[in-house]
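> mind folding the following:
(one chain, ligands or ions: 1)
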Amino acid sequence: MATPNEQAIRQVVQEVLAQLGKQMKAESTKPHRDGDWGVFKTVDGAVSAATEAFRKLSESPMAHRVKAIECVKQICEQQADELGRLEMEETKIGRLDHKIEKLKIIKLVPGVEYLRTDAYSGDHGLTVVEYAPFGVIGAITPVTHSLPTLAGNVVNMVAGGNTMVVNPHPSGARIACEGVRRFNQAIYKATGLENLITIIETPTLETAAAIFEHRGVKLLCVTGGPAVARAAMQSRKKAVVAGPGNPPVVVDETACLENTARSIVKGASYDNNLLCIGEKEVFAVESIFDDLMETMSRHKAFRLNDRQIADLTKIAFTPPKDAKDHYHVNKEYVGSDATALAEAIGVRVPADTELLYGETDESNPFVPEEQMMPFVPFVRSRNVNHAIEQALEYEHGFRHTSLIHSRNVRNMTKMGREMDTTLFIKNGPCGAGLGLGGEGYLSFSIATPTGEGVTNPLTFTRVRRCVLVDDLRVI
Ligand code: NAD
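Now for the predicted structure:
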């Protein structure tokens, strides 16, 4: 028989245990705050928080998706100066004015208004087709537009009812994490929802691989160059792949040369040619070649001579190691200013120069390589058919973006058919292909090898059919 003392001890122990049990239960149902507003150290932590967030989002009204997207668009617009500067300071590539602009235009990315419901009504009743979320989406983002890509992905993916785990590019991770913190804080304040966006604080190839493999991740969306595009295509999960490009421009004898030159400078100099859709090489027909070169110089472009081009090529690329290899861009000059590029080869250009250009032949590595520098090589073509052939060869079958300047619809049609690219832009700068001066909507992820095109909320949904037999056709 227990003494009164032992009985008292037992009671205390039981009370402590009961209290502890209650506490543990409360802990397990507590929202994932360990993530510092969505920023996580591990893939498991991020996916588990995003999974919980998905469950909560699924139980929430559509109005919460609308509010969450509004938060992201507002932050991008109102804090663009600060966030753009932070992105520029961290990545050190591109142009500050365009870093800021790329955030301000996130408001043009379509949200829930893009969703729809389809219906079939007939003798056998009513069938409704709904666009449902996948769940947690694994997103890989590039250094060329770290926060803009992430923000655009959030708008599209959350509109579709999904949550996210993001593996940003290591050289743009700090700004991506800062954006995620700000988005999640605002979304929590507006809706009470947490961790709609989760992100890996220190991303590596291993964390990317862990996301590719994770059972909790239902869909991948990868925006980047050849290596990551290949890795995603080989993954066992469904992947939306926004891969690399090398957009050629064809100019025929009917083109308006003023508009052509203005467009090439505008497109290729944008963020110092970091855009995957940016004009990377020009094939212009012999009869207008010299006039076009002359016209370029009136649009803040500076022409380099043969020796200067040779000097630039030498510093801009590392030569192939063997016959199977190709030239590699020197990262030091990717996204640098045209003036800095000129200075690197000892050429002084006017301070307002936006683009360097010059005549090369096809064998210059600026033609085949996706160089992402504000120097555009111009190659002389015998005629429009020859120019289209060259464009086809140097686009490398990425089927990403191609452009033509022409007033001849036959030439446009021929090139459009032969190139078979996701974006085909005529008589404007590359941005026109994303709704910036052309018709259509904006996204920073253009799915090329997997074929979804310029991504939108429907890209990130599963098509579900709900059938009622023989009833509810009320007409
Ligand atoms: P990148 O390929 O170096 O990096 C992209 C992302 O993939 C980064 O997050 C990187 O860490 C990751 N990554 C790289 N190799 C990987 C691998 N083997 N496995 C897993 N993850 C990997 O590209 P970048 O320099 O950041 O961006 C420029 C490239 O992205 C260009 O080729 C450009 O054309 C392309 N891009 C395409 C689109 C599009 O919409 N199609 C948009 C922007 C950029």
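
> straight-line length of stretch 118-129, end to end?
5 Å (C-alpha to C-alpha, to the nearest Å).

> for that stretch, the averaged confidence score.
Mean pLDDT, computed over stretch 118-129, is 98.

> contacting residues around that stretch?
Contacts to stretch 118-129, defined as C-beta atoms under 8 Å, 6 or more residues apart in numbering, come from residues 117, 463-473, 475. The way it works is simple: take the backbone N, C-alpha and C, and place the C-beta from them, glycine included.

> possible to save the residues you listed as TSV with secondary structure?
Converted to TSV, the contacts of stretch 118-129 look like this (DSSP: H, G, I helix; E, B strand; the rest coil):
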residue	secondary structure
117	coil
463	strand
464	strand
465	strand
466	strand
467	strand
468	strand
469	strand
470	coil
471	coil
472	coil
473	coil
475	coil
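
> widest-spaced pair of these?
The two members of those with the most space between them (C-beta to C-beta) are 463 and 475, at 25.3 Å.

> number of residues surrounding the residue nearest to residue 264 when sequence neighbours are not counted?
In space, and not counting its chain neighbours, residue 264 is closest to residue 279: 5.3 Å by C-beta to C-beta, 6 or more residues apart in numbering. Residue 279 has 26 neighbours, counted by other C-beta atoms under 10 Å.

> roughly how far does residue 279 sit from residue 429?
Distance of residue 279 to residue 429, computed by C-beta to C-beta, to the nearest Å: 8 Å.

> same check, this time on residue 468
Going from residue 468 to residue 429 by C-beta to C-beta gives 50 Å.

> these two - which one has more neighbours?
Between residue 468 and residue 429, counting by other C-beta under 10 Å, residue 429 is the more crowded of the two (25 against 12).

> what values do phi and psi take at the more buried one?
Main-chain torsions, residue 429, degrees, to the nearest 10: phi -80, psi 160.

> name the SS class of the nearest residue to it once chain neighbours are set aside, please.
In space, and not counting its chain neighbours, residue 429 is closest to residue 267: 3.6 Å by C-beta to C-beta, 6+ apart. Classification of residue 267 using three-state DSSP returns helix.

> let me have the contacts of stretch 118-129 in CSV, extended by distance to the ligand.
Shown next, in CSV, are the contacts of stretch 118-129 (distance: C-beta to the nearest ligand atom, whole Å):
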residue, distance to the ligand
117, 28
463, 23
464, 27
465, 30
466, 33
467, 37
468, 40
469, 43
470, 46
471, 45
472, 42
473, 43
475, 44
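
> rewinding a little: got the contact list for the residue nearest to residue 264?
Neighbouring residues of residue 279 by C-beta under 8 Å, 6+ apart: 247, 249, 263-264, 267-268, 273, 376, 403, 429-430.

> mind checking which of those are in strands?
Residues of the contacts of residue 279 located in strands (DSSP state E): 249, 376, 403.

> tell me the bridge partners for the first one.
With beta bridges defined as DSSP bridges, residue 249 has these partners: residue 282, residue 403.

> please apply the same query to the second one.
With DSSP bridges applied, the residues forming beta bridges to residue 376 are residue 357.

> just the pLDDT at it, thanks.
98.

> intersection of neighbour lists for residue 279 and residue 429?
Residues touching both residue 279 and residue 429 (C-beta under 8 Å, 6+ apart) are 263-264, 267.

> what parts of the stretch 251-400 of the chain come near the ligand?
Contact residues (C-beta under 6 Å from any ligand atom) of the stretch 251-400 of the chain with the ligand: 276, 370.

> which residues does the residue of the stretch 251-400 of the chain found nearest the ligand contact?
The ligand sits closest to residue 276 of the stretch 251-400 of the chain, with a gap of 3.2 Å, by C-beta to the nearest ligand atom. By C-beta under 8 Å, 6+ apart, the residues touching residue 276 are 144, 242, 244-245, 400-401, 446.

> dump those residues into TSV; add neighbour count, pLDDT and secondary structure as well.
Listed next are the contacts of residue 276 as TSV, based on neighbours: other C-beta atoms under 10 Å; pLDDT from 0 to 100; DSSP: H, G, I helix; E, B strand; the rest coil:
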residue	neighbour count	pLDDT	secondary structure
144	27	98	coil
242	33	98	strand
244	19	98	coil
245	26	98	coil
400	23	98	coil
401	29	98	strand
446	22	98	strand
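
> show the backbone phi and psi for residue 363.
Dihedral angles (degrees, to the nearest 10) for residue 363: phi -80, psi -10.

> for it, grab the count of nearby residues.
Residue 363, neighbours per other C-beta under 10 Å, totals 8.

> how about the contacts made by the residue of the stretch 301-450 of the chain found nearest the ligand?
Residue of the stretch 301-450 of the chain nearest the ligand, by C-beta to the nearest ligand atom: residue 446 (3.6 Å). If you count contacts by C-beta under 8 Å, 6+ apart, residue 446 has them with 242, 276-277, 400-401, 422-423, 434, 453-455.

> pull the most distant pair out of the residues you listed.
401 and 455 (14.7 Å).

> quick revisit: now flag whichever of the contacts of residue 446 is closest to residue 185.
Using C-beta to C-beta, residue 455 is the member of those that lies nearest residue 185, at 25.7 Å.

> touching, the closest one and residue 223? I think so.
No. Judged on C-beta atoms under 8 Å, residue 455 makes no contact with residue 223 at a distance of 9.0 Å.

> is whichever residue of the stretch 1-150 of the chain sits closest to the ligand in a helix, a strand, or coil?
With C-beta to the nearest ligand atom, the shortest gap between the stretch 1-150 of the chain and the ligand falls at residue 142, namely 3.1 Å. Secondary structure for residue 142, judged by three-state DSSP, is coil.

> ok, now residue 47?
Relying on three-state DSSP, one would call residue 47 helix.

> once you drop chain neighbours, what's closest to it?
Distances taken as C-beta to C-beta, 6+ apart place residue 216 nearest to residue 47, at 4.1 Å, with adjacent residues excluded.

> thank you, goodbye.
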